[in-house]
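> fold the following, please.
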Amino acid sequence: MTGERRLQSGQALALFVVILFGLAAMAGLLIDGGTAWVNRRQAQTAADLAALAAGKAVTDAQATCNASGLAIAQAAAAESATINGFPTVSVQYPASGGSKSGCDYIRVSVSRPMSTTFSRLLGQNSWTAGATAVTQIVRLAAIGSPRCNFCSLNATNQNHTLLVQLGSTLIVDGEIYVNSSNGNRDGDPNSPVKLKDWHVGGDGFDIFGTGGRIEADYINVVGGWETHDNNIAVARNAKCAEAQRPNPLAYDAMKPPLKANICIRQPVLPDPLGSFPTPNVNDFTVRTTKIAKYSGNAAYVLEPGVYVGGIEISGTAQVILNPGVYYMSNGVFSVKGDASVTGNGVLIYSGPSAGSKKGGAKMIDITTNGTVVLSPMTTGIYAGMTLFLDRASTESIIIQPSNKAQCASTAAVGVAQGCIGGISGTIYAANASATVIVKAAGTANLQVISGKILIQNGSTARFTYKSGFATETTYYYELVE
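Residues are numbered from 1 along each chain as shown. The predicted model follows:
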């Protein structure tokens with residue numbers, strides 16, 4: 001029995017050693033595993049920061065996706081990762097593999113060895129802590145590069161979405177594009193086009209009032225078009241086949257016959273500024289917490305930022321807007337009475353209030369007898385944009401400055417002058433039901449892109465848009481993985 005007890009005691013000791021070793025191994029895994037988790041989180045933070053640093057360096061240099069751009073990204077990523085304790089860095093530009101690949105992405109991986117403690121008992125002397133992050137480089141072509149200088153984007157409305165009234169004349173030194181499908185209801189581009197005296201298949205755009213006219217370098221419409229009161233619509237050039245630009249019967253009967261050159265039944269044009277970045281209310285300083293009113297015979301200087309409830313300028317107030325973004329948070333921007341406003345290098349954005357996802361943006365209404373001078377920023381992600389109505393808003397942008405001295409100004413053909421001559425840049429109201437209404441004459445370096453467009457000046461408005469203030473591609477970057 002004594003020998004048997006000794007044997008059992010020896011077995012128990014061996015079992016105890018095995019269990020103790022197992023417990024030590026488990027403890028080691030827990031301790032080292034926790035340390036590894038901490039290192040993994042540190043690695044992800046370092047990778048994120050390195051990827052952002054690479055994105056910033058590439059966008060600041062406006063580098064292209066080549067060896068030079070890769071070198072710039074590598075240097076910035078390595079510096080950032082090393083500062084954060086991860087000296088081993090690899091950079092892909094262009095990124096390869098996965099859904100985030102190509103020249104729009106920079107993939108950065110970081111790593112460092114991590115010594116173990118108890119895991120050494122299992123022969124694991126070190127682990128490697130690493131992580132990967134991807135930054136997207138977004139290149140926005142100069143805002144003047146979209147296909148149209150004058151676009152009505154509403155593709156669901158069966159009626160005219162570009163309307164010229166009161167015998168007005170609209171001249172666009174560029175391209176007009178009308179997405180209205182009126183006259184193309186059957187969806188068959190090969191069906192016969194119904195021609196009448198002043199009618200070609202429908203009225204995607206229309207002209208009313210004696211003496212009215214539309215003229216542009218190019219005019220394209222998804223459906224058809226018509227005029228009234230013997231009015232004329234004509235394009236100087238055309239990009240479509242002869243069969244896609246028939247004349248109304250009245251044009252052929254003229255002496256000599258007039259060629260419209262207007263392309264019908266064209267494909268729907270997607271919003272050319274659909275990727276233009278929307279200002280975020282949280283990115284700017286809050287200037288007021290309720291509607292800001294500036295009136296009387298006084299001068300004011302305003303700073304960019306968030307104006308909760310909007311801005312109302314009236315009386316004979318003279319307001320100067322310092323350069324930057326003016327965010328109207330669930331409020332109007334209006335200039336009324338005899339008030340004047342001057343803002344060079346500004347973006348006036350009408351958007352929702354903080355936390356709102358249902359719109360709430362109000363109209364932009366410039367209806368004043370005072371002078372109006374507004375121009376966009378020339379650099380940065382908002383370059384070229386002057387008036388921007390939130391894409392969810394169905395409100396309007398009204399342009400009706402009527403200062404006598406400003407309206408009476410004259411200049412060489414194509415040079416900004418007249419009532420609208422003080423406004424330049426892009427006016428953008430992309431919602432299908434949003435309308436840009438122009439009730440002023442003159443020549444302006446303006447681009448108009450809206451769901452619908454209404455011209456009611458009773459005179460001539462000429463848009464000679466040239467993107468000289470936004471000729472370069474703008475860049476921004478964001479972490480996407």
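> and Q406, its phi and psi?
Q406 adopts backbone torsions of phi -70, psi -40, taken as degrees, to the nearest 10.
> ok, it - contacts?
371-372, 418-419, 421-422 (CB atoms under 8 Å, 6 or more residues apart in numbering). Backbone N, C-alpha and C define where each C-beta goes, glycine included.
> tell me which of these is nearest to S340?
Taking CB to CB as the measure, T371 is the one of those closest to S340, at 4.5 Å.
> that closest one against D338, yeah?
No. In this structure T371 lies outside contact range of D338 using CB atoms under 8 Å: 9.7 Å.
> rewinding a little: list just the nearest of the contacts of Q406 to N457.
Top of the list for closeness to N457, among the contacts of Q406 and by CB to CB, is C419 at 8.0 Å.
> show me the domain layout of this protein.
Split into domains by automatic domain parsing, the chain comes to 11-140, 281-479.
> and the last one, end to end?
This means domain 281-479. Taking CA to CA, to the nearest Å, domain 281-479 runs 20 Å from one end to the other.
> that domain: how far from the chain's middle?
16 Å (CA atoms, centre = their mean, to the nearest Å).
> those helices in the stretch 51-200 of the chain, which residues are they?
67-83 (DSSP state H, counting those that start in this stretch).
> how about the strands in it?
Assigned by DSSP state E, counting those that start in this stretch, the strands in the stretch 51-200 of the chain fall at 88-92, 105-115, 126-140, 150-152, 162-164, 169-178, 195-196, 199-200.
> ok, now the stretch 351-481 of the chain?
Using DSSP E, counting those that start in this stretch, strands in the stretch 351-481 of the chain cover 364-366, 372-375, 385-389, 396-399, 425-429, 435-438, 442-444, 446-450, 452-455, 460-463, 474-479.
> hmm, who's touching the fourth one?
Taking CB under 8 Å, 6+ apart as the criterion, the residues outside strand 396-399 that touch it are 363-367, 387, 389, 420, 423, 427, 429, 434-440, 450.
> can you pull the pLDDT of the residue nearest to the spatial centre of the chain?
Compute the mean C-alpha point of the chain, and by CA atoms, centre = their mean the closest residue is F276, 1.1 Å away. You'll see F276 listed with a pLDDT of 85.
> again, but for G69
You'll see G69 listed with a pLDDT of 84.
> from memory it sits against Q62, does it?
No. Contact criterion CB under 8 Å: G69 and Q62 do not qualify, at 9.5 Å.
> the more surrounded of these two?
G69 (21 against 13; other CB atoms under 10 Å).
> what about the residue nearest to that one when sequence neighbours are not counted, neighbour count?
Sequence neighbours aside, A63 is the residue nearest to G69 in space, at 3.7 Å (criterion: CB to CB, 6 or more residues apart in numbering). Residues near A63, counting by other CB under 10 Å, number 18.
> just to check, A63 is in contact with A75?
No. Contact between A63 and A75 fails when scored by CB under 8 Å: they sit 11.2 Å apart.
> which residues do these two both contact?
Common neighbours of A63 and A75 are listed as A57 (criterion: CB under 8 Å, 6+ apart).
> mind listing what's buried along stretch 276-290?
Of the residues in stretch 276-290, 276, 279, 281, 284, 287-288 count as buried by neighbour count, 16 or more other CB atoms under 10 Å.
> quick check: the farthest pair among those?
Maximum distance among the buried residues of stretch 276-290 (CB to CB): 26.0 Å, for F276 and T288.
> elements contacting whichever strand or helix holds F333?
Element membership of F333, judged by DSSP states H and E, is strand 324-335. When contacts are defined as 3 or more CB pairs under 8 Å, 6 or more residues apart in numbering; DSSP states H and E, strand 324-335 packs onto strand 305-313, strand 346-351, strand 364-366.
> list every C-alpha atom in that strand, with coordinates, as PDB.
The C-alpha trace of strand 324-335 is given here as PDB (Å, rounded to 0.1, in the frame of the first residue of the first chain):
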ATOM      1  CA  GLY A 324     -15.900  82.600 -46.100                       C
ATOM      2  CA  VAL A 325     -18.900  80.400 -45.800                       C
ATOM      3  CA  TYR A 326     -22.200  81.800 -44.500                       C
ATOM      4  CA  TYR A 327     -24.400  79.000 -43.400                       C
ATOM      5  CA  MET A 328     -28.100  79.900 -43.100                       C
ATOM      6  CA  SER A 329     -29.300  77.300 -40.600                       C
ATOM      7  CA  ASN A 330     -33.000  76.800 -41.200                       C
ATOM      8  CA  GLY A 331     -33.500  80.400 -42.200                       C
ATOM      9  CA  VAL A 332     -33.600  82.800 -45.200                       C
ATOM     10  CA  PHE A 333     -30.900  85.000 -46.700                       C
ATOM     11  CA  SER A 334     -32.800  88.000 -47.900                       C
ATOM     12  CA  VAL A 335     -31.800  91.500 -49.100                       C
END
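> returning to that earlier point: dump the strands of the stretch 51-200 of the chain to a markdown table, plus mean pLDDT.
Shown next, in a markdown table, are the strands of the stretch 51-200 of the chain (pLDDT from 0 to 100):
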| stretch | mean pLDDT |
| --- | --- |
| strand 88-92 | 92 |
| strand 105-115 | 86 |
| strand 126-140 | 77 |
| strand 150-152 | 93 |
| strand 162-164 | 94 |
| strand 169-178 | 94 |
| strand 195-196 | 90 |
| strand 199-200 | 92 |
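> looking at those, which one is packed in the most?
strand 150-152 (a mean of 28; mean count of other CB atoms under 10 Å).
> and the contacts of that one?
161-162, 170, 172, 174-180, 205, 216, 269, 272, 447-453, 463.
> direction included, what does that strand pair against?
Here strand 150-152 has these sheet partners by DSSP bridges: strand 169-178 (parallel), strand 446-450 (parallel).
> JSON lines please, covering these and showing distance to Y327.
Supplementary listing: these in JSON lines, determined by distance: least, CB to CB, whole Å:
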{"stretch": "strand 169-178", "distance to Y327": "29"}
{"stretch": "strand 446-450", "distance to Y327": "20"}
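> and the contacts of Q406, which of them are buried?
Looks like the contacts of Q406 have 371-372, 418-419, 421-422 buried, using 16+ other CB under 10 Å.
> for these, which one is nearest S314?
V372 (13.7 Å).
> what about the closest one, distance to I219?
28 Å (CB to CB, to the nearest Å).
> quick one: find the helix or strand in this protein with the lowest mean pLDDT.
One helix or strand of the chain scores below all others by mean pLDDT, DSSP states H and E: strand 474-479, with a mean of 64.
> low-confidence ranges in the protein?
By pLDDT under 70, the low-scoring segments of the chain are 1-36, 64, 115-126, 139-147, 158, 184-191, 355-359, 467-477.
> can we see that at 50?
Where the chain drops to pLDDT under 50, the residues are 1, 5-8, 16, 141-142, 145, 469-473.
> A strand includes W37, no?
No. Going by DSSP: H, G, I helix; E, B strand; the rest coil, the assignment for W37 is helix, not a strand.
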